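Chemist: got a structure for you, letters missing:
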Ligand code: HEM
């Protein structure tokens, strides 16, 4: 690997990133209204802005054209963290919280043939779950719908056919945990604290290092378990697809896939539900035609769950937008900021048309975009989860004004902490499963408690509380 070749000298007026004054990105304002922050940065700096991420300077790429250039030009924009000059020169703060995730060597942080081979393994392991003619395919689809119905049934048992609910803690999160547990062939005991550790890693909490270590350990044990006892699950099919994978390698891949399946897909469900609930005219318009897929696209455009994609590192000095990026500099391509370019055109004809919503970068773009088999799986889960709510609820209204909803707004993900609604179930909504209903999870509980709450729901649903 040829790291940091300065093939072209930086121009005389190109101040290096590390010497530029930067404003921190993750502020209280960003939590509440990231769009306003992107607007201001764009106004001040143009399509590429220097920002501080937990004390480390990063180029934040805001313009749609510049983001797509970074995503598509893999020869120039590398994923391997060893290209990062500040890291190689030991200039990162000790315990920089985002580093733990980037040090986990898996598909996302590989380049070239190693990367293509890892994608092929995932693609063939997901294959059986895609085809509805395969038992794995239709069983998974049926299970997703059944889990969704059971959770609605539990809601009815807890709060009646008219009541209040948090569609995050009482529906979406347990649903995704149930799906992940099933797809991965995961003994449910392994679920404890795992979701929270994934959040800690993604959001760069102070304990992100130990949290990443714990989650990796759990997935490595899962890999070893399925090597010894193969089943009809993704873990076993990954091993079939690449028998050379060690338990540690497979554990790393499962870890990364769990982030997308459990957390990102859950956020996509919630963000889509929010768009529907707040009566976004375009979303509602698309519902009667049964085009839920189009609704998901529109929600991804307004609120992509992967708001800021993974870092890339410049292979050579290059001009991007109106700045010079030096070899080894770190850039963060922002889908959420880039979408503002599309939305700015929306008042004209752009977002009104079917083609334009597909221009969203919610799945990424280029060689590292979300693999097609994963997109299909995620699309099935999101449309089923949202579709079941639309089927069973005759009324659902937000109990908070949309601008007061609490968001989890980290360097990567933007997802709702809560989606509180007042609801009314239809006459044909599922009744409660014949199992002990778990205690409701109060909407204002901390995420720690929420994790326990949803795990107890999961246990009770899947194992009747054993
Ligand atoms: C609605 C749900 C999902 C969304 C919005 C989503 C979005 C994305 C995005 C934006 C990327 C590119 C990130 C980047 O370039 O930095 C990505 C990559 C990826 N996603 Fe998804 N994803 C979803 C669901 C899934 C699921 C369910 C899986 C697996 C079961 C999955 C597996 C992956 C993998 C393996 C990559 C890395 C690909 C690579 O680096 O070559 N995703 N996803």
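Modeler: Now that the structure is in, tell me what you want to look at. Quick caveat, the model's predicted, so the values are computed rather than measured.
Chemist: what sits against the closest residue in space to residue 238 that isn't next to it in sequence?
Modeler: Excluding the flanking residues, the one nearest residue 238 by Cβ to Cβ, 6 or more residues apart in numbering is residue 125, at 4.4 Å. For the C-beta atoms, the positions are set from N, CA and C on the backbone; glycine is no exception. The neighbours of residue 125, taking Cβ atoms under 8 Å, 6 or more residues apart in numbering as the test, are 234, 237-238, 240-241.
Chemist: for the closest residue in space to residue 109 that isn't next to it in sequence, what are its contacts?
Modeler: Leaving aside its sequence neighbours, residue 109 sits nearest to residue 79 (Cβ to Cβ, 6+ apart; 5.1 Å). By Cβ under 8 Å, 6+ apart, the contact list for residue 79 reads 108-111, 115, 310, 312-313, 368.
Chemist: how about 10 Å then?
Modeler: 102, 107-112, 115, 310-313, 367-368 (Cβ atoms under 10 Å, 6 or more residues apart in numbering).
Chemist: does residue 250 touch residue 223 like I think?
Modeler: Yes: taking contacts as Cβ atoms under 10 Å, residue 250 lies within contact range of residue 223: 3.9 Å.
Chemist: can you pull the residues that touch both of the two?
Modeler: 235, 238-239.
Chemist: follow-up on the earlier one: pLDDT on the host helix or strand of the residue nearest to residue 238, on average?
Modeler: For residue 125, the host element (DSSP states H and E) is helix 112-130. If you average the pLDDT over helix 112-130, you get 97.
Chemist: now stretch 372-379
Modeler: Mean predicted confidence for stretch 372-379 is 95.
Chemist: show me how far stretch 232-249 is from its chain's centre.
Modeler: 23 Å (Cα atoms, centre = their mean, to the nearest Å).
Chemist: is there proximity between that stretch and the ligand?
Modeler: No: using Cβ under 6 Å from any ligand atom, stretch 232-249 never reaches the ligand; the gap is at least 7.3 Å.
Chemist: could you shift the numbering so residue one becomes 56, and keep it that way?
Modeler: With 56 as the first residue, the last one maps to stretch 287-304.
Chemist: span of that stretch from start to end?
Modeler: Stretch 287-304 has an end-to-end distance of 20 Å (Cα to Cα, to the nearest Å).
Chemist: and that stretch, which residues are buried?
Modeler: Buried residues in stretch 287-304, counted by 16 or more other Cβ atoms under 10 Å: 288-294, 296-297, 300, 302, 304.
Chemist: how far away is residue 99 from the ligand?
Modeler: Distance of residue 99 to the ligand, computed by Cβ to the nearest ligand atom, to the nearest Å: 25 Å.
Chemist: mind giving me the packing neighbours of the strand or helix carrying residue 209?
Modeler: Assessed by DSSP H and E, residue 209 sits inside helix 190-214. Judged by 3 or more Cβ pairs under 10 Å, 6 or more residues apart in numbering; DSSP states H and E, helix 190-214 is in contact with helix 167-185, strand 217-221, helix 228-239, helix 289-296, helix 427-447, strand 475-480, helix 502-518.
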